[in-house]
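Engineer: Below is the structure, and that's it, no one-letter string:
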């Protein structure tokens, strides 16, 4: 699905992948985030760390009648407060999406898939 807007000059369609890439870019800027991961864990517990061009694999966008809901899958750094990092991710993603796309973000769910020691 996509977000559809109609203006006096024509129609605007924003794909879920574009929303996911914007959300992924906001997540990576947050302190304490090592990487985004795929929502599916590989067998034996190995994680697929995503590069910038694949952020959409680590984000699920759900269109609701009155806004959107986002699920994010991340790996955070060892030694940081998990609650603080997750709270910052939620605030930054909500702000970024609402400012850039002028849509209402109802929920930002963050799933911490792992903790990694950063050298």
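Structural biologist: On my side now, so go ahead. Computed from a predicted model, the values in this text were never measured in an experiment. Numbers count the residues shown, from 1 in each chain.
Engineer: for this protein, what helix or strand is lowest in average pLDDT?
Structural biologist: strand 2-7 (a mean of 81; mean pLDDT, DSSP states H and E).
Engineer: and it, how far out from the chain's middle?
Structural biologist: Centroid separation for strand 2-7 versus its chain: 21 Å, with Cα atoms, centre = their mean, to the nearest Å.
Engineer: For the helix or strand following it, name the packing helices and strands.
Structural biologist: The helix or strand immediately downstream of strand 2-7 is strand 10-15, counting by DSSP states H and E. Where contact means 3 or more Cβ pairs under 8 Å, 6 or more residues apart in numbering; DSSP states H and E, strand 10-15 is packed against strand 2-7. Where you see a C-beta, it was placed from the backbone N, CA and C, and this is true even at glycine.
Engineer: re earlier: given the least confident helix or strand of the chain, what are its sheet partners and their directions?
Structural biologist: Applying DSSP bridges, strand 2-7 is found paired with strand 10-15 (antiparallel).
Engineer: Give me every residue in contact with the partner strand, excluding its own residues.
Structural biologist: The list of residues contacting strand 10-15 from outside it, by Cβ atoms under 8 Å, 6 or more residues apart in numbering, reads 2, 3, 4, 5, 6, 101.
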